[in-house]
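K.L.:
following is a predicted model, sequence given first.
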2 protein chains.
Amino acid sequence: MNGKIRVGIAGYGNLGKGVESALAATQDMELVGVFTRRDPAALQLGNRAVPVHGIDAIARFADAVDVLVLCGGSKTDLPEQGPTLATLFNTVDSFDTHAKIPEYFAAMDAAASHAGHVAIISVGWDPGLFSLYRLYGEALLPDGVGYTFWGKGVSQGHSDALRRVPGVRGGVQYTVPSSEAVARVRSGSRPALTTREKHTRDCYVVLEPGADPAAVERAIVTMPDYFADYDTTVTFVSAAELQRDHAAMPHGGFVMRSGTTGTGTSQRMESSLALDSNPEFTASVLVAYARAACRLHRRGERGAKTVFDVAPGLLSPKDAADLRRELL
Amino acid sequence: MNGKIRVGIAGYGNLGKGVESALAATQDMELVGVFTRRDPAALQLGNRAVPVHGIDAIARFADAVDVLVLCGGSKTDLPEQGPTLATLFNTVDSFDTHAKIPEYFAAMDAAASHAGHVAIISVGWDPGLFSLYRLYGEALLPDGVGYTFWGKGVSQGHSDALRRVPGVRGGVQYTVPSSEAVARVRSGSRPALTTREKHTRDCYVVLEPGADPAAVERAIVTMPDYFADYDTTVTFVSAAELQRDHAAMPHGGFVMRSGTTGTGTSQRMESSLALDSNPEFTASVLVAYARAACRLHRRGERGAKTVFDVAPGLLSPKDAADLRRELL
C-alpha cells in the first residue's frame, strides 16, 4: 500500500477515457480498475497495466477501491446504476439532467448514507463549476441578476435534430452566445433575457447527393423548438471538411453577475470557460472531486453531496498551509 | 430573540460602512453594534437605531454578538486587535498582506482555537475570491499556468508615492492590465510574465502653483520601484477634475488559468471583477463569510479558517435543497 487514493472507473466512453488520462497526471491518486458492460477483453486501455473487469463483478472490489468515478450517461445509466454503486463505494458522477437533480440526489443520499459512503453528484462544469460561479455571484452580490451563456460549443441534441432533416447526410450544430446580449449584460443594465435571446445557432451540414440546398436550409431554420426562434445560420460543407474541422467537442460559456452594493454602486463578476474538449475537462473536474470524496469520507462525512458542500481546499493535492502560502 | 445572526462591526471607515450597508440588505443577519476607537458620540451611522460603543468596552458584548467583522487595516490594526478579538468572538477579517498571512493565520488560529471560536481570515476579493479562482484553476487544470491581473483600479501605495513628489499637490494612480499581456495569456501560449509586464500605470496629477510639469512628470516616471520599470503615463488635471472624476474607488482584475488535458488539448478558465467600489464589494464578501463563520461555529468547528476551508453553500442564506434546485 503506497498511500495513494485508489480510484475505479465505471464506464469507458469519452468521459471514462478522460478520467483515466486525468488520473495519470496526479501524484496522489491511482487507477486500480476499469469496469465495463462490454467484453473486458475487447477494451483497449491507454495503460495496459490497469485491469478491466465486467461491471457485474464490481461488488468484489468494494474493499479495493477508495472512490469510484461513474462515467455513464444521465438519461438511463446513472439513475439505474448510481444508487446501487453508492451502496458499495464512495462515488463521484456528472449527472446533468438539471430538472431531475433533486430526485437523483435523494436516491443517492439514501443509498450512500445507509451504506456509510460519500456520493458527490452532478460534478463537471454545468452542473459543476458554473453552478459554483452562480452561487458565489448570488451570495456575494445578493442585490443583482445572474446570467449563464453557453458556447461556443457543440450541442448534441441540436446536431441530432439537424441530421434528421431529409437531404442531410451529416452535420454539427454550435450554440454561440449572442455578442449583443453579452454586451447588454456587461453594461450593467440588467436586461431580462430568455435563453433564445442569449444564443445563436450555427449549423455545418453535409448534403445527401442530389439534395436541394435551399430546401434543406429552409427546413432547418424553420424547425420548431430547435431553430425557428433563433438566429440560425446554415453552412454547407463536404464530408471531408466536416470530419476535418468539426469532429472535436469544444464547449464553454460565461456566468455573469451584475449587481449593486451601497446606494446604487455597480459591481460585476464574470467567469468563463473556453474548452477544446468538453469531456476531458469534465473528467478533470471529476478527478479533483474524487479526491475530495475520499477525504470527506475519511473525515466521517456520509451521504450525497454536491459541489456546494465541498470546501475548495479539499480539491487540491496540496496541504492547507501550502495553499495559504501559495494561492491565498 | 428573532433567530437572526447578530453581527458587530469593529472599525467604522469605508469598509465598516460597507459592511453596515451589506448587512441591511440581508434577511437573516442584523447589525447589533459598532465598536470604534473614536468618540462613539461623534459617529454618525446610516441607521441611528444601531448603538455605537467604544472599542475598549467590547468584552462586555461577548454574549451579544454571534460574529464580529473586523474592519481595521492590515498593517497595524489587525495584527494587534485580531488575536485579542478572536478570544472574545467569532471573527471575519480582510487581512491582505499576502506575505504575512501564514504568521497572521497562526496567531488567529491559536487565539480562536483556545477560546472555542471560528476566525475566517483574509476575506475579500484578493485575497479572497481571486484566491478561490486561483485554487479552482490549479486543482481542475493541474497541468497549466495561472495568471492574476489587477485593475483597472486605484492603488493606494502608488497614489501615496505620487503625492510625495515635489510639485505635486494631489493625485491618483490607476493600475491597468496590459491588454497585450492579457491577449497573450488568452492565446494559450502560456507566456512567462512578471507583474510589471502585465500592468501599466496611469497617473492623474494636480500640480502645486508654479510647479514645472515636465520636471514633475520626469520625477514620476523615473521613480524606482514604483514607476520606472512600468509603462507609466502622467495626465495633469485641475483639483476640481481630480475631485469630480477620480474620487471613486474602482478596482477589479482577472484571474486566468491556461491548461492542458489529455494529449495536448487546450482548456482555459477565466474570471474577472469590475468593481465600481472596492471597499463596498469587499464588505459584501465579508458579510457572506460572516454568515458562514456563524454556521461553522454552530457545527462545532473551531480555529482559524480561510476561504479555502469554507464550503460554498455556507455563504448563501438559502438552504441546501433550494440551492440544488435553483443554482446547480
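P.N.:
On my side now, so go ahead.
K.L.:
for the rest of this, base every contact and every neighbour count on C-alpha atoms.
P.N.:
Will do.
K.L.:
quick one: is the longest helix seen in chain A near chain B?
P.N.:
As assigned by DSSP state H, the longest helix anywhere in chain A is helix A:278-298. Yes: judged by Cα under 8 Å from any Cα of the partner chain, helix A:278-298 comes into contact with chain B at A:280, A:281, A:284, A:285, A:288.
K.L.:
I figured residue A:170 hits residue A:241, correct?
P.N.:
No: applying Cα atoms under 8 Å as the test, residue A:170 and residue A:241 come out as separate, 11.1 Å apart.
K.L.:
those two: who's more crowded?
P.N.:
Neighbour totals were compared for residue A:170 and residue A:241, and residue A:170 leads with 21 against 14 (other Cα atoms under 10 Å in any protein chain shown).
K.L.:
contacts only, for the spatially closest residue to residue A:97 that is not a sequence neighbour.
P.N.:
Closest residue to residue A:97 apart from its sequence neighbours, by Cα to Cα, 6 or more residues apart in numbering or on different chains: residue A:74 at 6.4 Å. Residue A:74 makes contact with A:94, A:95, A:96, A:97, according to Cα atoms under 8 Å, 6 or more residues apart in numbering or on different chains.
K.L.:
same check on residue A:85?
P.N.:
residue A:91.
K.L.:
go with 6 Å
P.N.:
Under the criterion of Cα atoms under 6 Å, 6 or more residues apart in numbering or on different chains, the contact list for residue A:85 is empty.
K.L.:
so it is in which element?
P.N.:
Counting by DSSP states H and E, the element that carries residue A:85 is helix A:77-88.
K.L.:
could I have the CA atoms of that helix written out in CSV?
P.N.:
This file holds the C-alpha atoms of helix A:77-88, laid out as CSV (Å, rounded to 0.1, in the frame of the first residue of the first chain):
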residue,chain,number,x,y,z
ASP,A,77,-27.1,4.7,-16.8
LEU,A,78,-26.8,6.9,-13.6
PRO,A,79,-30.4,6.7,-12.4
GLU,A,80,-30.1,2.9,-12.6
GLN,A,81,-26.5,2.2,-11.5
GLY,A,82,-25.8,5.2,-9.2
PRO,A,83,-27.8,4.2,-6.1
THR,A,84,-26.6,0.6,-6.3
LEU,A,85,-22.9,1.6,-6.7
ALA,A,86,-23.2,4.1,-3.9
THR,A,87,-24.0,1.2,-1.5
LEU,A,88,-20.7,-0.3,-2.5
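K.L.:
and it, which residues are buried?
P.N.:
Buried positions in helix A:77-88, judged by neighbour count with 16 or more other Cα atoms under 10 Å in any protein chain shown: A:78, A:79, A:82, A:83, A:84, A:85, A:86, A:87, A:88.
K.L.:
so after it, what's the next helix or strand?
P.N.:
Downstream of helix A:77-88, the next assigned helix or strand under DSSP H and E is strand A:91-93.
K.L.:
what does whichever helix or strand comes after that following strand rub up against?
P.N.:
Sequence order places helix A:101-115 as the next helix or strand after strand A:91-93, per DSSP H and E. By Cα under 6 Å, 6+ apart, the surrounding residues in contact with helix A:101-115 are A:83, A:86, A:87, A:118, A:302, A:303, A:304.
K.L.:
helix A:101-115 to helix A:77-88, inter-axis angle?
P.N.:
Using axes from the mean of the first three to the mean of the last three Cα atoms, to 10 degrees, the direction of helix A:101-115 lies 20 degrees away from that of helix A:77-88.
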